[in-house]
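A.B. asks: Build the 3D model from these lines:
(one chain, ligands or ions: 1)
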Amino acid sequence: MSVELLLGQMADGEFHSGEALGELLGVSRTAVWKHLQKLEGLGLQLESVKGKGYRIPGGVELLDADVITQGLRPAASAFIKQMDVLQTVDSTNSRAMQKVVEGSGHGYLCLAEYQTAGRGRRGRQWVSPFGQSLYLSVVVEFKEGAAALEGLSLAVGVALVRALEEVGATEIGLKWPNDVLWRGKKLAGVLLEMTGDPSGVCQVVVGLGVNMSLSEGVVQSIDQPWVDVATIVPGVSRNQFAVSLFNHLLPVLSGFSVVGFSQYKDEWESHHVHAGASVELAFGVNESVAGVALGVTETGALRLDVSGEERVYSGGEVSLRSV
Ligand code: BTN
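C.D. replies: Sure thing, here's the model as predicted:
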């Protein structure tokens, strides 16, 4: 509760005196610091200046459900049955999966300011500091089974590229299957999780994490080269980017079972960072194959030229090969 009160006051980035914050929280001036440390625990940067008080340098733009909803175009808002904007959650994907279990999955969306257990692909952690990224999940139901999902995660990557380009980003690349990169650094990731009947009605949770404006304090814990939207296009609002993202993503999700990936193939390939490059595709612990990346198939599988022979792969982790 004290965190919400403090953020309501300090999100503006201005200095607030210890006395004023103490009054707000109903604690003594000296006890204020203990409460402020909770903000630091969420990954927020705090500055304290004698005689002025405390501030969050640059402030935080909190997510606003009304602003997001009002910015949506009809093709996007028609998809939504329920949207939650949460302050803290373990993982938006877990929350969305819970909705599926409760029977109200399709059309559910959630965004969070902070994830305590954000998940990445391949069991990795997704570092999720407060208010500095977008963490969101959407549930979509497919009646045609898992086969209808082929290429969905790549199409989601295309939606992300469209949204980033709409806010002015250039040089956005896609690494198979769906990492979004800028100049080789990770900008956004996609995690799809499926449940239900693989040959009938199944539900997919589409989880997206987009680095928006990461503060110094949290970046040491990210274990790969990364970049944020603020570096590429300064001044992009998180709420406006969420609007842009949903306007591109939701129509892709709602129409995917009809159009499939072939509709997005050319656009995906036009952003393929490894096109024509010598790569290695790793599977499991010690297995890998080396080849030249040719592109993707109509269903989103990776095409590799392996010793002069074209082969197609639907799983694995791609990396550039040093030759
Ligand atoms: C990746 O490893 O590239 C995928 C990262 C996906 C992270 C997002 S953040 C919102 C959603 N909730 C999660 O726990 N993970 C996804």
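
A.B. asks: Which other helices and strands does the longest strand seen in the chain contact?
C.D. replies: Identified as the longest strand of the chain according to DSSP state E is strand 185-196. Counting contacts by 3 or more CB pairs under 8 Å, 6 or more residues apart in numbering; DSSP states H and E, strand 185-196 packs against helix 92-101, helix 152-166, strand 179-182, strand 202-211. The way it works is simple: take the backbone N, C-alpha and C, and place the C-beta from them, glycine included.

A.B. asks: near the ligand, anything from that strand?
C.D. replies: Yes - using CB under 6 Å from any ligand atom, we find that strand 185-196 touches the ligand at 189-191.

A.B. asks: thinking again about what came up before, any idea which of the helices and strands packed on strand 185-196 is most buried?
C.D. replies: Greatest average neighbour count among the helices and strands packed on strand 185-196 goes to strand 202-211 (a mean of 25), per mean count of other CB atoms under 10 Å.

A.B. asks: Show me what it pairs with in its sheet, parallel or antiparallel.
C.D. replies: Using DSSP bridges, strand 202-211 pairs in its sheet with strand 133-142 (antiparallel), strand 185-196 (antiparallel).

A.B. asks: after it, next one along is what?
C.D. replies: helix 216-219 (DSSP states H and E).

A.B. asks: C-alpha coordinates for that next one, CSV please?
C.D. replies: Taking C-alpha atoms only, helix 216-219 is exported to CSV below (Å, rounded to 0.1, in the frame of the first residue of the first chain):
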residue,chain,number,x,y,z
GLU,A,216,21.4,1.8,-14.7
GLY,A,217,20.7,-0.2,-11.5
VAL,A,218,19.0,-3.1,-13.2
VAL,A,219,21.0,-3.6,-16.4
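
A.B. asks: can you give me the mean pLDDT across it?
C.D. replies: Mean pLDDT, computed over helix 216-219, is 70.

A.B. asks: repeat for stretch 82-92
C.D. replies: Per-residue scores along stretch 82-92 average to 96.

A.B. asks: tell me which residues in it are buried?
C.D. replies: Neighbour-count burial for stretch 82-92 flags 83-85, 89, 91-92 (criterion: 16 or more other CB atoms under 10 Å).

A.B. asks: on that earlier part again, export the strands paired with strand 202-211 as JSON lines, with columns for mean neighbour count and mean pLDDT.
C.D. replies: Converted to JSON lines, the strands paired with strand 202-211 look like this (neighbours: other CB atoms under 10 Å; pLDDT from 0 to 100):
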{"stretch": "strand 133-142", "mean neighbour count": "23", "mean pLDDT": "97"}
{"stretch": "strand 185-196", "mean neighbour count": "20", "mean pLDDT": "95"}
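
A.B. asks: could those go into a markdown table alongside distance to G41?
C.D. replies: Listed next are the strands paired with strand 202-211 as a markdown table, based on distance: least, CB to CB, whole Å:
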| stretch | distance to G41 |
| --- | --- |
| strand 133-142 | 17 |
| strand 185-196 | 24 |
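
A.B. asks: Touching, L44 and I56? I think so.
C.D. replies: Yes - with contact defined as CB atoms under 8 Å, L44 reaches I56; the gap is 5.7 Å.

A.B. asks: Could you show which parts of the stretch 201-323 of the chain are in contact with the ligand?
C.D. replies: Listed as neighbours of the ligand in the stretch 201-323 of the chain under the rule CB under 6 Å from any ligand atom: 207-209.

A.B. asks: Can you name the residue of the protein nearest to the ligand?
C.D. replies: G189 (2.1 Å; CB to the nearest ligand atom).

A.B. asks: near the ligand, which residues of the stretch 51-200 of the chain?
C.D. replies: 91-93, 115, 118-121, 124, 126, 135-137, 179, 189-191.

A.B. asks: which residues touch D64?
C.D. replies: 85, 239 (CB atoms under 8 Å, 6 or more residues apart in numbering).

A.B. asks: Name the surrounding residues that touch the helix or strand bottoming out on mean pLDDT in the chain.
C.D. replies: Ranking every helix and strand in the chain by mean pLDDT, DSSP states H and E puts helix 216-219 at the bottom, with a mean of 70. Helix 216-219 is contacted by residues 40, 43, 45, 127, 129, 132, 226 when judged by CB under 8 Å, 6+ apart.

A.B. asks: before we move on, what about stretch 188-202?
C.D. replies: Contacts of stretch 188-202 (CB under 8 Å, 6+ apart): 93, 97, 100, 119-121, 126, 141-143, 145-146, 149, 152-153, 156-157, 160, 164, 178-180, 203-211.

A.B. asks: That stretch spans what distance, first to last residue?
C.D. replies: 25 Å (CA to CA, to the nearest Å).

A.B. asks: Alright, that wraps it up for me.
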